[in-house]
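**Q** got a sequence here, can you build the structure:
(2 chains)
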Amino acid sequence: MALSKLTYNSLNVTPTASKGIGFDSGADDLAATFSGGSMTFIKKLTASSSDALTFVDGTSDVVLDDTYKEYLFTFKSIHPQTDERHFQVNFRDGGSAYDATKTTTNFQAYHNEDDTTGVLGYEPAEDLAQSTGVQELVTYQGSDSDQALSGYLHLFDPSSTTFVKHFLVRISTVQGSDRLKDVYTAGYCNVTAAIDGVQFSMSSGNIDAGDICLYGIS
Amino acid sequence: MALTKYNYNSFDITPVASKALAFNSDADGFTTATEGDMVLIKTLTASSDSTLEFEDGTDDVVLDNTYPIYLFKFINIHPSGDGVRLQFQGNAAGGSGYNETMTTTSFRAFHNEAGTDADLQYVTGTDQAQGTGFQDITDYGGGSGGADECASGELWLFDPSSTTFIKHFMASASTYLNSDYQSQKYHAGYFNTTSAIDEIQFKFDSGNIDSGTIKLYGIKDS
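**A** Below you'll find the predicted structure:
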């Protein structure tokens, strides 16, 4: 005899679209109030002597479209193959090239392990003005076996075909000279085409190790 | 009459490991749902506490390789004293004492309520160069001088379980200073150790944490 399965209207609770079923606050009834949370993991790329780590909408389960209004990339222990290279990003705005026009700002605080310098300042060498080139997110990253960078990048509304696309970045890094840097970069892709790909790389050499994860924010 | 108990396979849906039961987007059938990828691990509420600790494996705290990134949120932290700073330190797995070596940066923007003073500056007194002391997170917050004065913000901790790399962290905080200034303060740095960090302690540089909440979240990567 076939099992008789309970269907959506078999339970003593009002069905509510896209809500999970749990117990109510008194633990004496059911409630359809659970949400899955507003931060959704999409994709992890793990570097292994990689030229670049690239997230392209529709490829390898990557979602980077109008599903979410905000995306978050996290950088965990990114380690360069070659000492004192720059970790950088660029964006794809149609076609296959990562060359979206960008205007950006960059400021940073830094402090040496030997306590010789503690400085906060704007960094004109690391901003862009209507440039299609890569945006440096950190410079002169150290490659000692224990040195790495970590941080995050917020990308807002990449699928908009009306507005420019803003991004905000914060990274903590250590340079080859044993200088800690707390680096802030922000800007916009000055295009109204949708951004559907984001590429991370080193200025030369490979990304030896580390993870970059992509999340969608509901 | 005995109650009828329903089992996992009693519902009109294919069971999926570690998923929850939910209504679909049309509310006319079942689907499966995930809990979300930023997971609340632990909430600690201060009540005249000298310290608040998050220790892996204690009181349901997870601070190991379960998550690649951890996020602490501190909300309405109110000190018992006046003009004191919220601080933190870590303890390595198997170690004793909150005294890990760290190098950090510190800067702030501030503005007074009178509208007569504002600035952006690096703060050499609250950074560390291979220090083992507690690291400031907030500015000189009010407490005993004002019942409504407090600080809130967040602290990101990356890859604390790594035994290969240093462990980076980044903090930002808004503080109501005891001198009636608002301050936003930013700290970043790393535990300069390849030992895993599995315990984090918060305290004020003087006096107790009178009230406030610190929450720990884990951010999934799968």
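
**Q** could you list the domains of chain A?
**A** A:1-36, A:39-217 (automatic domain parsing).

**Q** just those domains: most buried one?
**A** domain A:39-217 (a mean of 19; mean count of other Cβ atoms under 10 Å in any protein chain shown). C-beta: built from backbone N, CA, C; applies to glycine.

**Q** ok, that domain near chain B or not?
**A** Yes. Interface with chain B: domain A:39-217 contributes A:39-41, A:44, A:74, A:76-77, A:79, A:109-115, A:118-120, A:145-152, A:170, A:172-174, A:180-182, A:211, A:213, A:215 (Cβ under 8 Å from any Cβ of the partner chain).

**Q** name the nearest residue to residue 183, sequence neighbours excluded.
**A** Going with chain A. In space, not counting the residues next to it along the chain, residue A:183 is nearest to residue A:108; the distance is 4.4 Å by Cβ to Cβ, 6 or more residues apart in numbering or on different chains.

**Q** oops, I was thinking of chain B
**A** The nearest residue in space to residue B:183 (Cβ to Cβ, 6+ apart) is residue B:139, at 3.9 Å.

**Q** now the residue most central in space within chain B: how far from residue B:106?
**A** Centroid check for chain B by Cα atoms, centre = their mean gives residue B:72 as the closest residue, at 1.5 Å. Separation of residue B:72 from residue B:106 (Cβ to Cβ, to the nearest Å) stands at 18 Å.

**Q** dump the residue contacts of the closest residue to chain B within chain A.
**A** Per Cβ to the nearest Cβ, residue A:37 is where chain A lies closest to chain B, at 1.6 Å. Residues in contact with residue A:37 (Cβ atoms under 8 Å, 6 or more residues apart in numbering or on different chains) are B:34-39.

**Q** ok, and which of the residues you listed reach chain A?
**A** Applying Cβ under 8 Å from any Cβ to the contacts of residue A:37, one finds that B:34-39 fall near chain A.

**Q** max pairwise distance over those residues: which two?
**A** Distance extremes for these: the farthest pair is B:34 and B:38 at 11.5 Å, using Cβ to Cβ.

**Q** okay, these two: which has more neighbours?
**A** A direct count of neighbours by other Cβ atoms under 10 Å in any protein chain shown for residue B:34 and residue B:38 places residue B:38 higher, at 20 against 16.

**Q** can you tell me the closest non-neighbouring residue to that one?
**A** residue A:39 (4.2 Å).

**Q** so the one you found sits against residue A:217, correct?
**A** Yes. Residue A:39 lies in contact with residue A:217 (Cβ atoms under 8 Å); the separation is 5.8 Å.

**Q** any shared contact partners between those two?
**A** The contact lists of residue A:39 and residue A:217 share residue A:72, where a contact means Cβ under 8 Å, 6+ apart.

**Q** list the contacts for the residue nearest to residue A:183?
**A** Taking Cβ under 8 Å, 6+ apart, we find residue A:108 in contact with A:120-121, A:123, A:181-184.

**Q** let me know the pLDDT of residue 209.
**A** Using chain A. Confidence at residue A:209, expressed as pLDDT, is 97.

**Q** that's the other chain; I wanted chain B
**A** For residue B:209, pLDDT reads 96.

**Q** checking the closest residue to chain A within chain B next. Helix, strand or coil?
**A** Residue nearest to chain A within chain B (Cβ to the nearest Cβ): residue B:36, separated by 1.6 Å. Under DSSP: H, G, I helix; E, B strand; the rest coil, residue B:36 falls in the coil class.

**Q** all set now, cheers.
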